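K.L.:
this is a predicted model, with the sequence first.
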Amino acid sequence: MSIRKFVTTGVLATAMAAPLSIVAVPAQADGAGAFIGGVAAARIGSNMRARTQAEQQQAYYAQQQAAQPVQQAAPAAPAQKTTQQKLDELDKLAAGGYITPDEYKSKKQQILNSM
């Protein structure tokens, strides 16, 4: 008998005998299935409790965050004026008569010295 025929015959014999062995063995009710089912149910219940607890904690922290006042950043310091901008402003004050000529000269000298 060739190897191919031998393997084919063996596979067919095994395939035909398998359903017979399943039918021939009666199901045993020894409680193992109930135990496995109980373990699975306990695990699922535990996961559900943990998830519910996590969701409750997230809701609590979100509520706490919403209740806290929002801190605003301090207003930015005004941008430093350039020397030219300071001199232009000083010229406008002098032209409008808001400062005297002596004050104008004094302030202009201060601006130029700060360069």
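P.N.:
Thanks, I have it. Numbering: from 1, shown residues only.
K.L.:
would you mind finding the longest helix in this protein?
P.N.:
Taking DSSP state H as the criterion, the chain has its longest helix at helix 32-67.
K.L.:
list the helices and strands that one packs on?
P.N.:
Using 3 or more CB pairs under 8 Å, 6 or more residues apart in numbering; DSSP states H and E, no helix or strand is in contact with helix 32-67. Quick note: C-beta positions are derived from backbone N, CA and C, even for glycine.
K.L.:
now do that helix, average pLDDT.
P.N.:
When the per-residue pLDDT values of helix 32-67 are averaged, the result is 83.
K.L.:
after that helix, next one along is what?
P.N.:
Toward the C-terminus, helix 32-67 is succeeded by helix 83-95 as the next helix or strand (DSSP states H and E).
K.L.:
helices and strands around that following helix, which ones?
P.N.:
Using 3+ CB pairs under 8 Å, 6+ apart as the contact criterion, the neighbours of helix 83-95 among helices and strands are helix 101-113.
K.L.:
next, the angle from the helix it packs on to helix 83-95.
P.N.:
Angle between the axes of helix 101-113 and helix 83-95 is 180 degrees (criterion: axes from the mean of the first three to the mean of the last three CA atoms, to 10 degrees).
K.L.:
got the CA positions of helix 101-113 in PDB?
P.N.:
Listed in PDB are the C-alpha atoms of helix 101-113, where the atom choice follows Å, rounded to 0.1, in the frame of the first residue of the first chain:
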ATOM      1  CA  PRO A 101       9.600 124.500  26.800                       C
ATOM      2  CA  ASP A 102      11.900 123.900  29.800                       C
ATOM      3  CA  GLU A 103      10.100 120.700  30.600                       C
ATOM      4  CA  TYR A 104      10.300 119.700  26.900                       C
ATOM      5  CA  LYS A 105      14.100 120.200  26.800                       C
ATOM      6  CA  SER A 106      14.600 118.400  30.100                       C
ATOM      7  CA  LYS A 107      12.500 115.400  29.200                       C
ATOM      8  CA  LYS A 108      14.100 115.200  25.700                       C
ATOM      9  CA  GLN A 109      17.500 115.100  27.200                       C
ATOM     10  CA  GLN A 110      16.400 112.300  29.600                       C
ATOM     11  CA  ILE A 111      15.100 110.300  26.600                       C
ATOM     12  CA  LEU A 112      18.300 110.700  24.600                       C
ATOM     13  CA  ASN A 113      20.500 109.900  27.600                       C
END
